[in-house]
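Student: 3D model of this:
(4 chains)
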Number of protein chains: 4
Amino acid sequence: MIIVMKSHATAKQIEDVVQWIESVGYKAHPSSGVERTIIGAVGDNRDKAVLKYAESLPGVEKTMPILKPYKLASRESHEGDTVVNVGSIGIGGPEFVVMAGPCAIESEEQLLESAYVVKKGGGQILRGGAFKPRTSPYSFQGMEEEGLKVLDAVSRKTGLPTVTEVVNPVDVDLVESYADMLQIGARNVQNFALLKKVGHARKPVLLKRGMMTTIEELLMSAEYILSSGNPNVILCERGIRTFETSTRNTLDISAVPVLKSLTHLPVVIDPSHAAGNWKYVIPLSRAAVAVGADGIIVEVHPEPEKAVSDGAQSLKPEKFYQLMDDIRVLAKAMRN
Amino acid sequence: MIIVMKSHATAKQIEDVVQWIESVGYKAHPSSGVERTIIGAVGDNRDKAVLKYAESLPGVEKTMPILKPYKLASRESHEGDTVVNVGSIGIGGPEFVVMAGPCAIESEEQLLESAYVVKKGGGQILRGGAFKPRTSPYSFQGMEEEGLKVLDAVSRKTGLPTVTEVVNPVDVDLVESYADMLQIGARNVQNFALLKKVGHARKPVLLKRGMMTTIEELLMSAEYILSSGNPNVILCERGIRTFETSTRNTLDISAVPVLKSLTHLPVVIDPSHAAGNWKYVIPLSRAAVAVGADGIIVEVHPEPEKAVSDGAQSLKPEKFYQLMDDIRVLAKAMRN
Amino acid sequence: MIIVMKSHATAKQIEDVVQWIESVGYKAHPSSGVERTIIGAVGDNRDKAVLKYAESLPGVEKTMPILKPYKLASRESHEGDTVVNVGSIGIGGPEFVVMAGPCAIESEEQLLESAYVVKKGGGQILRGGAFKPRTSPYSFQGMEEEGLKVLDAVSRKTGLPTVTEVVNPVDVDLVESYADMLQIGARNVQNFALLKKVGHARKPVLLKRGMMTTIEELLMSAEYILSSGNPNVILCERGIRTFETSTRNTLDISAVPVLKSLTHLPVVIDPSHAAGNWKYVIPLSRAAVAVGADGIIVEVHPEPEKAVSDGAQSLKPEKFYQLMDDIRVLAKAMRN
Amino acid sequence: MIIVMKSHATAKQIEDVVQWIESVGYKAHPSSGVERTIIGAVGDNRDKAVLKYAESLPGVEKTMPILKPYKLASRESHEGDTVVNVGSIGIGGPEFVVMAGPCAIESEEQLLESAYVVKKGGGQILRGGAFKPRTSPYSFQGMEEEGLKVLDAVSRKTGLPTVTEVVNPVDVDLVESYADMLQIGARNVQNFALLKKVGHARKPVLLKRGMMTTIEELLMSAEYILSSGNPNVILCERGIRTFETSTRNTLDISAVPVLKSLTHLPVVIDPSHAAGNWKYVIPLSRAAVAVGADGIIVEVHPEPEKAVSDGAQSLKPEKFYQLMDDIRVLAKAMRN
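Tutor: Model prediction:
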């Protein structure tokens, strides 16, 4: 932490800041520039929240953190790329992985039909929601455990590993007993009780960035899971909230190279929730391949016009096949 | 829901949209303007999510919702102002209510000292966190049940009713047994499992707006609690996330008159989390009075330089007394 | 400027950064912490843009500026409050100043009627636009020089000093010859050609914050005017663009105390453009008084239902009188 | 325009709205739903700003625009893709076009060396700034006319057509006499005086989206140029301002397919200003190809460590060659 003094700060104020820094357990290193003095607070305690108070001391202009607040998630602690296995599929390695399926599980017929589309197109993992976090209490909230059973049955029939969302800490064990990967949705990215709980699970976790979560906060949320003992975390960029309303969210495509430089964890993109409209899903998926993501998670529905949720952003089967063709061509070009 | 057709939409496309609308249970009312046709989809089902799919039909330009998605929270359903009682204190009535106390409960001594400051200054409700949602897993996570016992003990000694945060559905019964009001923090505003659970509590709920939450979404989150059976919800504006970084968040002061026009629920302001710096807490609290809020919730700490969290935004006792003096003068001027 | 090295940075990389810093004219002060080395770049050249390149050097993690980039606008360079005189009215002193009038000047009748309302209500300065920056090329673009003549005539009849917008550098001399204060609109806050030009004017400048402008950038824009020789700048917060759409913009009320701590220049609020709806103008104006602003600029129109622009956010005369009553009561309470 | 009445609106209020709509020159089409009445205001006047006032009428809940406010820029008015020729290079056709060069023109040597790099790598158009809009008045403001002469000389020597920024309406004729395309920078996207002026130029215009400009506003700014008589406009997405600070701006990659569906104008991407760091420029450029943009504009500098501006985001020659190799491979894959 660097503490920047005001240009008119007195020697007494500087001395007081130095003493306060040492009183809370850090070493103080003052250094004078042409216009002002700065004071480094040095120590190995990663929780420097307490130092923030320095901004309230007389003569202090601002504080600036130096260290990254996450450790296990950082590339400094783990230089090589982490590959997370979901069933038999590795994410984060050479293959571009497509997770696809309907937003919500509506029936065994609907999910099975979706799964055959995913498989036929070449998708590797089946997605489908049993617990649905909906903005409105009057919207369909998911089939819950019944949906998990359907997911499991369809997985056995098709051989596709599965990912599904969990929203309540009390359901983690249940979801884990049916699915191959647990998804933490965008609205729960800072639901720390839930993060700690999936940090104790043995299945991998797909952690979605919140619509107003910074990249650093996303890595801190991953750190909750990692530091609880679960090393298998996949990060997912799914669009952030901005002033632009022509898409549901603004896909932060730059987050992929930024995350790749900061962390060893795999990074995938969810173009469906970013766009909110199936028309934009194909070009955004192509961009995901080209920018260097490890995969995508997309919504596919055999009959989107009858979907109970997110029909507008779901691909019909023929569009999904076209998407997969585009991805194959670009993924091949990228490997050359 | 209004469905706007493209200017070149064909009669066949219009007819197909009409038929689709009726196939999902609504009546279609097409109407032609100079440049394009619009089609109203009329029905009394509040969950119109399914109609959003119309954007994927050929010839459709966009859809526009007409109805507000919340009902119990709306002023249309309940014209007068709701007053929520926290212990013996009414929020939403003529009195401007001040809830104050430390960010985190650190010990009985610390909380008791804070409570005496709150009481001496004229604050009506004591705040203090036992379960702390922290961005970093390495930061202090709160005293948990031990903290709730301290809160209860201090409440009995001082006679101040209390508000404290709950972060996990499994803890709701426990927190309710100790505190007079349950707080849902900004990061949990769309933790629907938690909202449903406090919707079944008998204590009132202080619902904080998330840093990413629109006013409409905040009202939808209130609707979750109200529709689960708990009518006592207080809304709290605490700053939203924007591009501006000179304050921790951007206090959306306009949210107060906007909410007052849309809902009958009380609205309070948290200037401490909005500002992130105690220097700005006093002017923002004055603005809260002047704009017509029902109260504020502020952080006060006997020794902020030793606080385990949020010391930079906590008021020292003498600043809190000055704040209360300012509030009294303005609240009196507002009543004239 | 502080340059933070990566934790694995080599001694050679640190040495290379030191040499590069010195090659571009600064002194380098390296200092080693527990986990990484930081290097201060010290020099008195305020344009440190060139140092930003250090982020591209091997082993560098990030750069962090220490100095504020503005000088003349800062409170460090000028401790007391600046009072700017517009005609006979001082802004930035003890009096809360109300600038009011129609968005656009439409005719002498309309402006004169508006001016009488402003005067009767107790407003001190007349506003009215002759050059209108409109999002659409098909909207009314203002009466231009004809409008300036009307403004001047009405000012003479009523004795009210005037403020009006200028949008093109070539019009600055013309506008200056008719009005008492030049307004730079939100969309021109970084129109540096225009800022330099009004920096050479002899009339004061009302500089509106852009909807996308940080507080630091606003002060840099003021610095353009100040450093060109015009010391009379008034800053105006008028709402920033965020994800919230229930108001036209989000009034950043905290900008007032933040600016008051950073600069000596007067700060006023424009609640009309922030809210976009007259209903919210009165509570936001009260908040402006309470938070410590030096004044407001509001839209008043004798017949808003016939206004060529911004009718929805203009106050009718009776609402303006009510606003002025509220302001008087609160301004008096604030002085006590 | 649709006017939505409140659910409790009276027949009298509805009638008053109908009469008001007709008094301002539109036809009113009321229509009653289950819960509320909506009223269409039909007319062919594209400037519907005046109708916005309806929100102030008693009983009105909100207004919703139906028509797009732009016309010449829309795909409805011009179905095929427009190809804009810059010198001999067509943008918007089958070829992916790369515009490259230094941020600022610093000397003939520097620009010439840059141009040879651009040419050798296969770039088609040379960029370079003579008039530089800088946040700080203390930063280098460009070589101005001297820089234009350098640009012209280097263009003659290398055969590369050129693009350069113009910031003041009085300089448009001058810039046009030297450059092949005029650039309107992000900060001037709503500088309507400048837009009108380049609308009368005979050279094409590269219009950059502002950092807080919506896609609709960008198209309205293009409409200013088109409606002034200049049909040759290229739109440029260069990142928008959001809460995320790990990149200089957030590249809104979705803007490409959204714009492609709304307008016939070519769309290019500026990855350098979006990223603010050369490391991310290559992956973002690949994404630009894959998402379907017509080209990119990137910063290249022979010695970025000595650049007077934006050194951190400029590519060195070898990185530029690598970028061009990646683009060739992906552009070829896209054509298959």
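Student: neighbours of residue A:25, how many?
Tutor: Neighbours of residue A:25 under the rule other CB atoms under 10 Å in any protein chain shown: 11. Just so you know, the C-beta spots here come from the backbone N, C-alpha and C atoms, and that holds for glycine as well.
Student: in its sheet, what does the helix or strand encompassing residue A:61 sit against?
Tutor: Following DSSP states H and E, one finds residue A:61 within strand A:60-64. Here strand A:60-64 is paired, per DSSP bridges, with strand A:2-5 (antiparallel).
Student: what does the strand it pairs with contact?
Tutor: Contact with strand A:2-5 is made by A:13-14, A:17, A:21, A:36-41, A:51, A:54, A:59-64, A:66, C:2, C:38, C:64, C:66, as judged by CB atoms under 8 Å, 6 or more residues apart in numbering or on different chains.
Student: now list the buried members of those residues.
Tutor: A:13-14, A:17, A:21, A:36-41, A:51, A:54, A:59-61, A:63, A:66, C:2, C:38, C:66 (16 or more other CB atoms under 10 Å in any protein chain shown).
Student: now, which of those lie within strands?
Tutor: With strands taken from DSSP state E, the overlap with those comprises A:37, A:38, A:39, A:40, A:41, A:60, A:61, A:63, C:2, C:38.
Student: closest to chain D among the residues you listed?
Tutor: Using CB to the nearest CB, residue C:2 is the member of these that lies nearest chain D, at 15.4 Å.
Student: once you drop chain neighbours, what's closest to the closest one?
Tutor: Leaving out its chain neighbours, the residue that sits closest to residue C:2 by CB to CB, 6 or more residues apart in numbering or on different chains is residue C:64, at 4.6 Å.
Student: and chain A, which of its residues are near chain D?
Tutor: With CB under 8 Å from any CB of the partner chain as the criterion, chain A meets chain D at residues A:212, A:214-216, A:240, A:242-247, A:250-258, A:261, A:274-275, A:279-280, A:283-284, A:286-287, A:289-292, A:329-330, A:332-334, A:336.
Student: from chain D, how far out is the residue sitting nearest the centre point of chain A?
Tutor: Computing the C-alpha centroid of chain A and ranking residues by CA atoms, centre = their mean puts residue A:208 first, at 3.1 Å. Going from residue A:208 to chain D by CB to the nearest CB, to the nearest Å gives 15 Å.
Student: again with residue A:4
Tutor: Distance from residue A:4 to chain D, by CB to the nearest CB: 18 Å.
Student: spell out the secondary structure type for the residue of the stretch 1-150 of chain A at minimum distance from chain D.
Tutor: Residue nearest to chain D within the stretch 1-150 of chain A (CB to the nearest CB): residue A:68, separated by 11.4 Å. State at residue A:68, reduced to three classes by DSSP: H, G, I helix; E, B strand; the rest coil: coil.
Student: what is the neighbour count of the closest residue to chain B within the stretch 101-250 of chain A?
Tutor: As assessed by CB to the nearest CB, chain B sits closest to residue A:212 within the stretch 101-250 of chain A, at 3.1 Å. Neighbours of residue A:212 under the rule other CB under 10 Å: 24.
Student: surely it meets residue B:242?
Tutor: No. Using CB atoms under 8 Å, residue A:212 makes no contact with residue B:242, being 9.9 Å away.
Student: can you check which residues contact both of those two?
Tutor: By CB under 8 Å, 6+ apart, the residues touching both residue A:212 and residue B:242 are residue D:243.
Student: ok so, going back, just checking, what packs against the helix or strand that the strand holding residue A:61 is followed by?
Tutor: Next in sequence after strand A:60-64, counting helices and strands by DSSP H and E, comes strand A:84-86. Packing partners of strand A:84-86 (3 or more CB pairs under 8 Å, 6 or more residues apart in numbering or on different chains; DSSP states H and E): strand A:89-91.
Student: outside of the helix or strand just after the strand it packs on, which residues touch it?
Tutor: Counting by DSSP H and E, the next helix or strand C-terminal to strand A:89-91 is strand A:97-101. Strand A:97-101 has contacts (CB under 8 Å, 6+ apart) with A:89-91, A:111, A:114-115, A:117-118, A:121-128, A:163, A:268, A:294-300, A:320, A:324, A:327.
Student: let me see the contact set for the residue nearest to the centre of chain A.
Tutor: A:183, A:184, A:185, A:186, A:189, A:236, A:238, A:270.
Student: burial count for the nearest residue to residue A:140 once chain neighbours are set aside?
Tutor: In space, residue A:140 comes closest to residue A:308 once its chain neighbours are excluded; the distance is 4.6 Å by CB to CB, 6+ apart. Burial of residue A:308 is recorded as 20 neighbouring residues (other CB under 10 Å).
Student: on that earlier part again, need the ones in strands among the buried ones among the contacts of strand A:2-5 in CSV (columns: pLDDT).
Tutor: Listed next are these as CSV, based on pLDDT from 0 to 100:
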residue, pLDDT
A:37, 90
A:38, 89
A:39, 91
A:40, 87
A:41, 87
A:60, 92
A:61, 90
A:63, 89
C:2, 88
C:38, 89
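Student: out of those residues, who's nearest chain B?
Tutor: Closest to chain B, out of all of these and judged by CB to the nearest CB, is residue A:63, at 8.5 Å.
Student: so is the residue nearest to residue A:313 when sequence neighbours are not counted in a helix, a strand, or just coil?
Tutor: Spatial nearest neighbour of residue A:313, chain neighbours left out: residue A:272 (4.5 Å); criterion: CB to CB, 6+ apart. Per three-state DSSP, the secondary structure class of residue A:272 is helix.
Student: which ones are touching residue A:272?
Tutor: A:278, A:281, A:297, A:298, A:299, A:310, A:313, A:314, A:315.
Student: and what of residue A:144?
Tutor: Residues near residue A:144 by CB under 8 Å, 6+ apart: A:130, A:131.
Student: related to what we said a few turns ago, ok now the strand holding residue A:61, how far from the chain's centre?
Tutor: Centroid separation for strand A:60-64 versus its chain: 31 Å, with CA atoms, centre = their mean, to the nearest Å.
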